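Trainee: could you look at this predicted model? Sequence included:
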Amino acid sequence: MNVTEMLRGALKRPDPAAKKTLDSADDKEPKLSGADDYTIADISVSAVAAVQQWAETDDLDDGESYADRLMALFVGIADANKDGDITEDEQGVLQVALNTAWDYLVKCGVSEEDAGALLNDWDGEAADRVRDLVASVLPDGEDGAGDDIDAFVFSDDDQEPALDAAYRKKVVIRSGKKVRINKRISGHVRLSAKQKVAIRKARMKSHSAGAMMRRMKSLRIRQRAGLK
């Protein structure tokens with residue numbers, strides 16, 4: 001079995017018990033804590049960087065689609081020890097990352113239909129359309145890409161929907177629609193050498209020393225201006 005087949009074989013729908021938990025959650029949850037804020041923001045930064053890195057992809061393996069590459073990049077966000085096993089905790093990280101990716105893609109001009117086809121079904125044709133569109137609107141240069149990440153993640157928009165999607169286990173309503181990521185990447189996933197390189201590049205976009213210092217400077221400016 002090749003890498004592409006293994007990645008696609010790792011997709012499965014949430015079990016009925018998980019759906020029941022989603023539907024039955026109440027609203028008596030505490031607000032985000034500082035630790036929650038940090039965790040959601042850190043995952044979100046990685047998710048947007050992964051999308052940006054994906055849009056720059058020019059080294060697909062034989063038989064690998066752009067959808068396969070994007071899936072691998074998101075597996076790389078959650079599977080920190082790279083053992084290929086997606087645990088329940090790592091699944092929660094993926095849910096936050098994928099929901100962030102959805103919002104970022106739509107912000108870039110991607111239709112909700114294509115976002116769903118890509119992030120739920122990993123559809124190859126949708127991936128081609130989405131990648132071309134995102135590549136056409138990404139800012140030029142490392143600083144521009146970093147500013148784009150920070151402006152999106154650290155906007156004034158509420159971060160709670162991302163937490164709801166994975167941590168509180170409740171259905172999230174955005175723009176009148178339920179939370180849109182309804183499939184899981186789980187099981188054992190083996191990444192190719194090129195996919196691992198892409199994951200490292202995405203990580204450098206979001207967590208290099210330069211990126212982190214630029215982010216700290218931006219946050220200090222926002223604080224002085226009275227922005228959260």
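Mentor: Great, that's in hand.
Trainee: would you agree Leu138 is in contact with Gln52?
Mentor: Yes. Taking contacts as Cβ atoms under 8 Å, Leu138 lies within contact range of Gln52: 6.1 Å. Any C-beta I mention is one placed from the backbone N, CA and C, and that applies to glycine too.
Trainee: common neighbours of those two, please.
Mentor: 145, 148 (Cβ atoms under 8 Å, 6 or more residues apart in numbering).
Trainee: these two: which is more packed in?
Mentor: In terms of neighbours (other Cβ atoms under 10 Å), Gln52 is the more surrounded of Leu138 and Gln52; the figures are 23 against 16.
Trainee: and that one, what does it touch?
Mentor: Taking Cβ under 8 Å, 6+ apart, we find Gln52 in contact with 134, 138, 145, 148-149, 202, 205.
Trainee: could you rerun that using 7 Å?
Mentor: Taking Cβ atoms under 7 Å, 6 or more residues apart in numbering, we find Gln52 in contact with 138, 145, 205.
Trainee: list the buried residues in the helix ranked longest in the chain.
Mentor: Longest helix of the chain, by residue count under DSSP state H: helix 34-55. Buried residues in helix 34-55, defined by neighbour count with 16 or more other Cβ atoms under 10 Å: 36, 39-55.
Trainee: what's the answer for stretch 98-109, then?
Mentor: By 16+ other Cβ under 10 Å, the buried positions in stretch 98-109 come out as 98-106, 108.
Trainee: I'd like the average pLDDT over the longest helix of the chain.
Mentor: Helix 34-55 comes out with an average pLDDT of 86.
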